[in-house]
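Colleague: A predicted structure for the sequence below; I have some questions about it.
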Amino acid sequence: MKISTPIYLDNNSTTQIDPRVLESMLPYLQERFGNASSNHSFGWIAKSAVENARDIIANFLKVSSKELFFTSGATESINLVHLGLTQNINPDSFHIITTNLEHSATKESLEYLSKKGLNVTVVNVDKTGIVDPTRVTEALSDKTRLISIIFANNEIGTINDIKSIGQICKEKDILLHVDATQAVGKINFDIKELNIDFLSFTAHKLYGPKGIGALYVNGKNPKTILSQIIFGGTQEDSIKPGTLNVPAIVGFGKAIELCDEEMTKDYHHTITLRDRFYKNIVSNLEGVFINGSIKERLPNNINFYIDGIRADKLMLELRVLAFSNSSACASGSSKPSRILKAIGLTDEQALSSVRFGFGRFNTIDEIEYASQKFIDAVNKLRTKNQNKSQNN
């Protein structure tokens, strides 16, 4: 079978838009182009499409549609929570707990609040990349008001024990914000069962368009009221004012609808691809070590380091494959990944690490081709390094 290259294996960075999602969006880029806030037939059609998408996503999450707000993406959703909760409070009265394995959207917004005088405690994860709930309990104080934690890490794919942390929050009457950007559409979970008060996620990680995300806010908890930090309208209850991106919202709804129908199939498909790829690699190469937990892990993610081979050199050698050596948000940096450093890797090991993300549209044939190309490239670079060492 002829393989089309380059093969895209970076689905934790972004996914390609599903053709069925694109098809659902096109009418709202063409004849149904109205502003959802306009009080005429074009606006009513757009507003109806927005509310239909909201209902689809809310039903998928088993929450009320009144608790779901559209944003420009997970980064904005995270910032709306952190800044909205702390806009009008005494910094001394609001303690926040987070971890050292968070996405930069959480890390940087909480660093900003720390500079403003808020007390932010960063709990370290273990060597598998998972935070021990006991460490969270030990970090609590009588002023702890929020725990903000990632559900599944974007680089190493490890999944945190949100249920236990949610139980801690329930018992202590603490708000829980979860960055579920990598989790929604990939793994099953129940927001209510996990006692989540805020959930941030986005469409482009689940075969939807870029530039559209959502924020769930627990409407039954009076402590979840967010102060307005963006101004310019009353859309989305003023949590996220501005003209609604109707085509993207429609696409978001369709992407979630497809996840609802196909998540089990996608789960088994991607875990099969992942395990086949990794088995091929470790069966043919020595010095390959997995980063993070292999058990508590996203089905489509694998992250490992190759002893003695720099990831940037490997990526230059393997232009027929699209994969990564860090998160997309940090890909321009030459520094070792702070996530990999957080789980105990040396600089050399971190700089020798690669991430592969498998998706709905990848095939077994692509995985066989990709793994063989990867093996060949590593062997070639090792031979080069050996010859260079001998010549010196």
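Modeller: That came through, no problem. Numbers count the residues shown, from 1 in each chain.
Colleague: count of neighbours near Y305?
Modeller: Neighbour count for Y305, taken as other CB atoms under 10 Å: 23. C-beta: built from backbone N, CA, C; applies to glycine.
Colleague: Show me what whichever helix or strand it is part of is packed against.
Modeller: For Y305, the enclosing helix or strand under DSSP states H and E is strand 301-306. Helices and strands touching strand 301-306, by 3 or more CB pairs under 8 Å, 6 or more residues apart in numbering; DSSP states H and E, are helix 246-284, strand 288-290, strand 353-357.
Colleague: Let's verify F201: helix, strand, or coil?
Modeller: strand (DSSP: H, G, I helix; E, B strand; the rest coil).
Colleague: State the distance from it to V178.
Modeller: 9 Å (CB to CB, to the nearest Å).
Colleague: so what's E317 up against?
Modeller: The neighbours of E317, taking CB atoms under 8 Å, 6 or more residues apart in numbering as the test, are 377, 380-381.
Colleague: hmm, back to that, could I have the CA atoms of the strand holding Y305 written out in CSV?
Modeller: Extracted in CSV, the C-alpha atoms of strand 301-306 (Å, rounded to 0.1, in the frame of the first residue of the first chain):
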residue,chain,number,x,y,z
ASN,A,301,-0.1,9.4,23.6
ILE,A,302,3.4,8.0,23.9
ASN,A,303,6.4,9.9,25.1
PHE,A,304,9.9,8.4,25.4
TYR,A,305,13.5,9.2,25.3
ILE,A,306,16.2,7.6,23.1
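Colleague: Give me the angle between it and strand 353-357.
Modeller: 160 degrees (axes from the mean of the first three to the mean of the last three CA atoms, to 10 degrees).
Colleague: ok, then the element right after strand 301-306?
Modeller: The next secondary structure element downstream of strand 301-306 (using DSSP H and E) turns out to be helix 311-317.
Colleague: Verify the stated contact: R319 with I7.
Modeller: No. Counting by CB atoms under 8 Å, R319 sits too far from I7 to count as a contact (10.8 Å).
Colleague: Can you select the buried ones from the contacts of E317 in PyMOL?
Modeller: To isolate the buried ones among the contacts of E317 in PyMOL, judged by 16 or more other CB atoms under 10 Å, type:
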select buried, resi 377+381
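Colleague: Looking at the contacts of E317, which are in helices?
Modeller: Among those, the ones falling in helices (DSSP state H) are 377, 380-381.
Colleague: from those, which is closest to K170?
Modeller: A377 (49.4 Å; CB to CB).
Colleague: mind listing what that closest one touches?
Modeller: 314, 317-318.
Colleague: hey, where'd the strands end up in the stretch 1-150 of the chain?
Modeller: Under the criterion DSSP state E, counting those that start in this stretch, strands of the stretch 1-150 of the chain are mapped to 7-8, 68-71, 95-99, 119-123, 144-150.
Colleague: of all these, which lies closest to I364?
Modeller: Comparing the strands of the stretch 1-150 of the chain by CB to CB, strand 7-8 comes nearest, at 12.1 Å.
Colleague: got the contact list for the closest one?
Modeller: Contacts of strand 7-8 (CB under 8 Å, 6+ apart): 16, 320-322, 359, 361-362, 366, 369-370.
Colleague: Where strands are concerned, which of those count?
Modeller: 321-322 (DSSP state E).
Colleague: Looking at the contacts of strand 7-8, which is nearest G253?
Modeller: Q16 (18.0 Å).
Colleague: Now do the phi/psi pair for the closest one.
Modeller: With angles defined as degrees, to the nearest 10, Q16 sits at phi -70, psi 150.
Colleague: residue contacts, it?
Modeller: Taking CB under 8 Å, 6+ apart, we find Q16 in contact with 8, 207, 359, 361.
Colleague: so how far is D10 from it?
Modeller: In terms of CB to CB, Q16 sits 10 Å off from D10.
Colleague: Likewise for D365?
Modeller: D365 is 18 Å from D10, by CB to CB.
Colleague: How about I225?
Modeller: Taking CB to CB, one finds I225 at 38 Å from D10.
Colleague: Ok, K341 next?
Modeller: 21 Å.
Colleague: out of the two, which sits in the busier spot?
Modeller: Between K341 and D10, D10 has the larger neighbour count (other CB under 10 Å), namely 19 against 15.
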